[in-house]
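Novice: here are the coordinates; sequence isn't available:
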């Protein structure tokens, strides 16, 4: 039923919230490199069952795009995941979800210099509001502490992870690899797995192998988060379009906070509500206020000077 298409991105977001919980549980259970590697092993094995044959038939087109696919896989499936797992050691699940929900805004901001897109009113005011909310959030409601003690390592790592994923989104649009979604995802996962293999081999034996406690986390990350989640997200984009689906990213902190409070006993503070709320409102402003900030003439002049 067309009216139920919203369940596709909603289910994907709920699975993503569950994956944030997995990140928190893995923080003191398994090395970030190891869980990233083993989740990719499982994800690639599962996708091989239904992607290998069509990918092999399409190998001529794939071969031409391999360098781009390799870098995309590194950004989204290796760097983003490793940074997220490392961040989970020193920040809360709620903060991680709020940082991740900034990806659509960061993507739009990066699209101005990298894709020469016209900046909008929403980007300006939404960006300012989100930045203020983010500062209030990571300073626990006291921005002055950032000058004295700096940013918590986990929050900074999660912000870097969000930037990496935003760059991934920009490059996907810029490069137009022209492959079916599953084939593109499959090749990116293989490339990320190869990259992680080199890091995995550098780990001590006791850190490289999964333990009994980490196996359920790897299974969730490698199946539900790496294969089932993309399926629902792709279906959502197919039926609703990318813009409508990106709006569901705003639900990620809400779903994550609800699980974190009940599961980990994390406490929601006023600064979570004010700082996180301001950051999310800023994202929504950027997504909805599409009026160009500059006239076409001014933007064309800026583009011409940049090209020179």
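Specialist: Happy to help now that I have it. Remember, predicted model here, so these are calculated numbers, not experimental data.
Novice: Leaving out sequence neighbours, find the closest residue to residue 182.
Specialist: residue 51 (5.1 Å; CB to CB, 6 or more residues apart in numbering). (Each C-beta comes from the backbone N, C-alpha and C, glycine too.)
Novice: One more: residue 239?
Specialist: Using CB to CB, 6+ apart and skipping the chain neighbours, the partner closest in space to residue 239 is residue 5 (4.2 Å).
Novice: And the one you found, its phi and psi?
Specialist: Backbone torsions of residue 5, given as degrees, to the nearest 10, read phi -60, psi -20.
Novice: Can you tell me the number of residues neighbouring it?
Specialist: 16 (other CB atoms under 10 Å).
Novice: How about the contacts made by it?
Specialist: Counting by CB atoms under 8 Å, 6 or more residues apart in numbering, residue 5 touches 235, 236, 239, 240.
Novice: got a winner among the residues you listed for most neighbours?
Specialist: Greatest neighbour count in those, by other CB under 10 Å, goes to residue 236: 24 neighbours.
Novice: Could you name the helices and strands sitting against the host helix or strand of it?
Specialist: Using DSSP states H and E, residue 236 sits within helix 229-240. Applying 3 or more CB pairs under 8 Å, 6 or more residues apart in numbering; DSSP states H and E, we find helix 229-240 packed against helix 7-26, helix 181-200, helix 242-247.
Novice: Quick one, which of the ones you listed gets closest to residue 224.
Specialist: helix 7-26 (5.4 Å; CB to CB).
Novice: if you average pLDDT over the closest one, what comes out?
Specialist: For helix 7-26, the mean per-residue pLDDT is 94.
Novice: same thing with stretch 275-289?
Specialist: Per-residue scores along stretch 275-289 average to 89.
Novice: List the contacts of residue 243.
Specialist: By CB under 8 Å, 6+ apart, residue 243 lies in contact with residue 287.
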